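Q: Give me the fold of what follows.
(one chain, ligands or ions: 1)
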Amino acid sequence: MTKVLLAEDDPAISDPLARALRREGYDVDVCTDGESALAQALLQPDLLVLDLGLPRMDGLEVCRRLRAEGSSVPVLVLTARADEVDTVVGLDAGADDYVTKPFRLAELLARARALLRRGVVDAPATEALVRIDPEGRRVFLRGQEVQLTGKEFELLKALVTNEGKVVSREKLMRDVWDSAWYGSTKTLDMHISVLRRKLGDDASQPSYITTIRGVGFRFDAPEE
Ligand code: CA
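A: Sure, this is the predicted structure:
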């Protein structure tokens, strides 16, 4: 069931909105302050509907921290102030969309549906799905930063730089772990599986990292 977390402290807004979302068939949880919104949003709902004016931690901060934790949950912001919108949506706080109060229920539901669809289906074709920033040592998946350890980053970089080509286990061990490889590749396999998990990849039907048995791994940029 699709899980929607609604963070709104004003019951005059959250009550009818929660009802409407439930009528759409979503499983709705409501929270009324920023700290619990952040805690619950980290449990991976399918969508977060986030009021900006929340007690204990404002919505902007909730959104920033959520992204800093590596969460890519779609965030639909509710704001009473149109002038805040630029800060909220876009790279700064990492929200995905917004509606300004007072909003029409139908419009909010349409935007919620659009964000939920996007979470399931591929990102828009114009956006690079996986992007590496070598200088900042940062990785972005569909525009959202993915938190990687040093070795995971090196490994992904080694694969992405050779996009479309098989990179041998020996080369990866040498480049990433600085060690000659004579047998065990448990560490390498463990790191590959963590990378896949962080990229949302599935080992049995990988869209990014394919295992070439007995040889190594290949990174493919997914079709656009
Ligand atoms: Ca409020």
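Q: Which secondary structure elements does the helix or strand Ala37 falls within sit against?
A: Element membership of Ala37, judged by DSSP states H and E, is helix 34-41. Packing partners of helix 34-41 (3 or more Cβ pairs under 8 Å, 6 or more residues apart in numbering; DSSP states H and E): strand 3-7, strand 27-31, strand 47-51, helix 59-68. No exception for glycine: its C-beta is placed from N, CA and C like everyone else's.
Q: May I have that helix exported as CSV, CA atoms only?
A: Taking Å, rounded to 0.1, in the frame of the first residue of the first chain, the C-alpha atoms of helix 34-41 are listed here in CSV:
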residue,chain,number,x,y,z
GLY,A,34,9.1,18.8,12.5
GLU,A,35,11.1,16.4,14.6
SER,A,36,8.7,13.6,14.3
ALA,A,37,8.2,14.4,10.6
LEU,A,38,11.9,13.9,10.1
ALA,A,39,12.1,10.7,12.2
GLN,A,40,9.1,9.2,10.3
ALA,A,41,10.2,10.4,6.9
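Q: Direction-wise, compare that helix with helix 59-68 and give the angle.
A: Between helix 34-41 and helix 59-68, the angle comes out at 30 degrees (axes from the mean of the first three to the mean of the last three Cα atoms, to 10 degrees).
Q: quick one: average pLDDT of helix 34-41?
A: What helix 34-41 shows for mean pLDDT is 96.
Q: quick one: secondary structure of the closest residue to Leu105 other than its chain neighbours?
A: Closest residue to Leu105 apart from its sequence neighbours, by Cβ to Cβ, 6 or more residues apart in numbering: Ala20 at 5.3 Å. At Ala20 the chain is in helix, as set by DSSP: H, G, I helix; E, B strand; the rest coil.
Q: Let me see the contact set for Ala20.
A: Contact analysis of Ala20 by Cβ atoms under 8 Å, 6 or more residues apart in numbering lists Leu105, Leu108, Leu109.
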